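J.: Structure for the following, please:
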Amino acid sequence: SHLLFPGCELTASTKSYTFQVDEKDDADHILALSVVCLTDGAKDECNVVEVVGRNHENQEIAVPVANLKLSCQPLLSLDNFKLQPPVTFRLAAGSGPVHLAGWHRIMHREDASFEEDDDDLSEEDEEEEKDLAPIMPAKK
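T.: Numbering: from 1, shown residues only. Okay, here's the model as predicted:
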């Protein structure tokens with residue numbers, strides 16, 4: 001299911017925002033960033049937004065995703081840049097305000113239902129075989 005990521009705003013006083021999910025819910029979460037833009041009150045300065053995540057060795061990695069400047073690039077469309085929560089957005093330079101928006105997608109790991117589907121398939125196959133083999137005794 002897709003949920004609208006209500007978005008967050010990075011400013012001089014709130015330089016970072018962490019998007020976290022309940023890791024116990026047995027689902028895969030994807031956060032897709034669609035747009036990063038400067039909002040009212042932004043100065044004409046470079047505003048660098050970083051995405052901070054962790055690598056497989058649990059070391060923090062910060063990747064700049066946007067460099068916004070009111071006069072040349074006030075808005076950047078990220079075309080649903082996919083991230084794996086938990087993820088932190090940080091204003092590495094500038095004072096904002098920078099608004100981030102996108103989608104939060106939850107993909108439930110429906111292992112159980114996949115198994116049920118397999119069962120359905122095999123039952124259908126068996127029934128078809130019975131139809132093809134008239135020698136077998138009829139169901140009582």
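
J.: Which parts of the chain are helices?
T.: Remark: helices assigned in the chain by DSSP state H are 111-132.

J.: Which parts of it are strands?
T.: With strands called from DSSP state E, the chain shows them at 2-10, 16-19, 27-38, 47-54, 60-68, 75-83, 87-93, 98-108.

J.: just for the protein, where's the confidence low?
T.: 1, 110-140 (pLDDT under 70).

J.: same thing but 50
T.: Along the chain, the parts satisfying pLDDT under 50 run over 112-119.

J.: For the residue nearest to Asn47 when sequence neighbours are not counted, give me its contacts.
T.: Counting by C-beta to C-beta, 6 or more residues apart in numbering, Asn47 lies nearest to Gly94, which is 3.2 Å off, once chain neighbours are set aside. Where you see a C-beta, it was placed from the backbone N, CA and C, and this is true even at glycine. Gly94 makes contacts with 43, 45-48, 68, as judged by C-beta atoms under 8 Å, 6 or more residues apart in numbering.

J.: what's near enough to touch Phe5?
T.: Each residue near Phe5 by C-beta under 8 Å, 6+ apart is listed here: 19, 31-33, 101-104.

J.: 10 Å - rerun?
T.: Listed by C-beta atoms under 10 Å, 6 or more residues apart in numbering, the contact partners of Phe5 are 19, 31-34, 100-105.
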